[in-house]
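Student: I'll drop the sequence and a predicted model, then ask my questions.
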Protein chains: 2
Amino acid sequence: MRLSKRGEYGLRAMISLAEAQKNSPTGMTQIREIAQKEQIPAKFLEQILLALKNAGLVHSKMGIGGGYYLAKPAGEITLGQVFRVLDGPVAPIRCVSQMAYEPCGCPDEATCGLRMVMGDVRNAIANILDHTTLAAVIERVENARA
Amino acid sequence: MRLSKRGEYGLRAMISLAEAQKNSPTGMTQIREIAQKEQIPAKFLEQILLALKNAGLVHSKMGIGGGYYLAKPAGEITLGQVFRVLDGPVAPIRCVSQMAYEPCGCPDEATCGLRMVMGDVRNAIANILDHTTLAAVIERVENARA
DNA sequence: CTAAAATGCAAGTAATTCAATAGGAATTAT
DNA sequence: ATAATTCCTATTGAATTACTTGCATTTTAG
């Protein structure tokens, strides 16, 4: 049940971009800035942001004064979307995955006890991740600071 | 967020042993039997059961007529206990782990948005796994079959 | 007492994944 | 032009995963 570094870094970067969106009109931020602020190896972060870009979650601008910014308002991007791009399916086992189903080989899925419980786990995780937007995370942080 | 084969096989084996406990006085079952029934490589299962034994969740008997059986009633063993032995902490990130905490390096854990959400995820997973016993799984399977 | 049947235990291995790192190509502002 | 930035692909070293091998130990049956 682990979040990879890739996933962790990507989620931190997206939260960072959401803050930038809130604090400046364009919300444009450079890899280097995020890497420094969040203590992430810059070249690794570059790959991650590229993947998020190809998934349509961020946009970018090349050249001087360029950088990354969220493709949509922070209230419309969920942690689940980000997570899936970077770490793949949320489900603990593929036979309960909505986005990447695969049979697990048990004789009858409908009466497989392990599958039932893991289905519950998947739903519990997905409910949190798919209902938490970047904006909601920021709000929570602000409440905690107050 | 993935369950390893080791974890999957171990959980299946434990459910199998819980059924055996219900169906026979001793509940003793051999590796070979479980391996065949659940389609698990026997030697790999051997390792897994040994780990579960060392963790005190199953007992064993060597020699002819030997085998494995649950160390406690199926209603007193949770999937969480089994999972942790085989796949380690339930938490998606160690800074929210109860059993294997480690700082994640963010400047302030109390106001780290990612940590808050991942804490929720951990609790959601743990609530399911730590409140589902082997007996409960079997009951659910029986209800599904009916 | 010996042979067979079972678990106990440690080491090895092939393949994959993870967490970067390296290096240049393309683009854009000045 | 040049400098700053993202774009893209490949490589690498370490760790993890999913087994496999081989032998030791214990127990029962005959």
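Tutor: Great, that's in hand. Residues are numbered from 1 along each chain as shown, chains lettered A, B, ... in the order given.
Student: Which residues of chain A lie near DNA strand C?
Tutor: Residues of chain A found near DNA strand C, taking C-beta under 7 Å from any atom of the strand as the criterion, are A:4-6, A:41, A:43-44, A:46-47, A:61-66. Quick note: C-beta positions are derived from backbone N, CA and C, even for glycine.
Student: before we move on, which element is the closest residue in space to residue A:49 that isn't next to it in sequence in?
Tutor: Nearest non-adjacent residue to residue A:49, counting by C-beta to C-beta, 6 or more residues apart in numbering or on different chains: residue A:68, 5.5 Å away. Secondary structure from DSSP states H and E places residue A:68 in strand A:67-70.
Student: hmm, back to that, narrow the residues of chain A next to DNA strand C to those in helices?
Tutor: A:5, A:6, A:43, A:44, A:46, A:47 (DSSP state H).
Student: count of residues packed around residue A:19?
Tutor: 20 (other C-beta atoms under 10 Å in any protein chain shown).
Student: What of residue A:42?
Tutor: 13.
Student: And the residue of chain A closest to DNA strand C?
Tutor: Across chain A, no residue is closer to DNA strand C than residue A:63, which sits at 2.5 Å (C-beta to the nearest atom of the strand).
Student: What distance do you get for that residue to chain B?
Tutor: 31 Å (C-beta to the nearest C-beta, to the nearest Å).
Student: Repeat that for residue A:18.
Tutor: For residue A:18, the distance to chain B - C-beta to the nearest C-beta - is 9 Å.
Student: Looks like that residue contacts residue A:135 (just checking).
Tutor: Yes - applying C-beta atoms under 8 Å, one finds residue A:18 in contact with residue A:135, separated by 6.5 Å.
Student: Now do the shared contacts for those two.
Tutor: residue A:74 (C-beta atoms under 8 Å, 6 or more residues apart in numbering or on different chains).
Student: quick one: which of the two has more around it?
Tutor: The neighbour count for residue A:18 versus residue A:135, taken as other C-beta under 10 Å, is higher for residue A:18 (24 against 17).
Student: Read off the pLDDT value for the most centrally placed residue in chain A.
Tutor: Using C-alpha atoms, centre = their mean, the residue of chain A that lies closest to the mean C-alpha position is residue A:82, 2.3 Å off. Among the per-residue scores, residue A:82 holds a pLDDT of 98.
Student: A helix includes it, no?
Tutor: Yes - counting by DSSP: H, G, I helix; E, B strand; the rest coil, residue A:82 is part of a helix.
Student: Buried residues, stretch A:10-23. List them.
Tutor: Residues of stretch A:10-23 classed as buried: A:10, A:11, A:12, A:13, A:14, A:15, A:16, A:17, A:18, A:19, A:20, A:21 (neighbour count, 16 or more other C-beta atoms under 10 Å in any protein chain shown).
Student: And the residue of chain A most remote from its centre, which helix or strand is it part of?
Tutor: Centroid-distance maximum for chain A: residue A:107 at 34.4 Å, with C-alpha atoms, centre = their mean. Residue A:107 belongs to no helix or strand when assigned by DSSP H and E.
Student: Also residue A:10?
Tutor: helix A:5-23.
Student: Is there contact, residue-wise, from that helix to DNA strand D?
Tutor: No - figure legend: helix A:5-23 not in contact with DNA strand D (C-beta under 7 Å from any atom of the strand); closest approach 10.8 Å.
Student: Then stretch A:96-114?
Tutor: No - on the criterion C-beta under 7 Å from any atom of the strand, stretch A:96-114 is out of touch with DNA strand D, staying 10.6 Å away.
Student: which parts of chain A sit against chain B?
Tutor: A:1-3, A:8, A:11-12, A:15, A:39, A:79, A:87, A:89-93, A:104-106, A:110-114, A:116-118, A:120-121, A:124-125, A:127-129, A:132, A:137-138, A:140-141, A:144-145 (C-beta under 8 Å from any C-beta of the partner chain).
Student: Can you tell me which of these are buried?
Tutor: Here, 16+ other C-beta under 10 Å leaves A:1-3, A:8, A:11-12, A:15, A:79, A:87, A:89-93, A:104, A:106, A:111-114, A:116-118, A:120-121, A:124-125, A:128-129, A:132, A:137-138, A:141 buried among the residues of chain A next to chain B.
Student: Strands along chain A, start to end?
Tutor: All strands of chain A, identified by DSSP state E, fall at A:58-61, A:67-70.
Student: Just say which of the ones you listed is most tucked in.
Tutor: Counting by mean count of other C-beta atoms under 10 Å in any protein chain shown, strand A:67-70 has the highest mean neighbour count of these, with a mean of 22.
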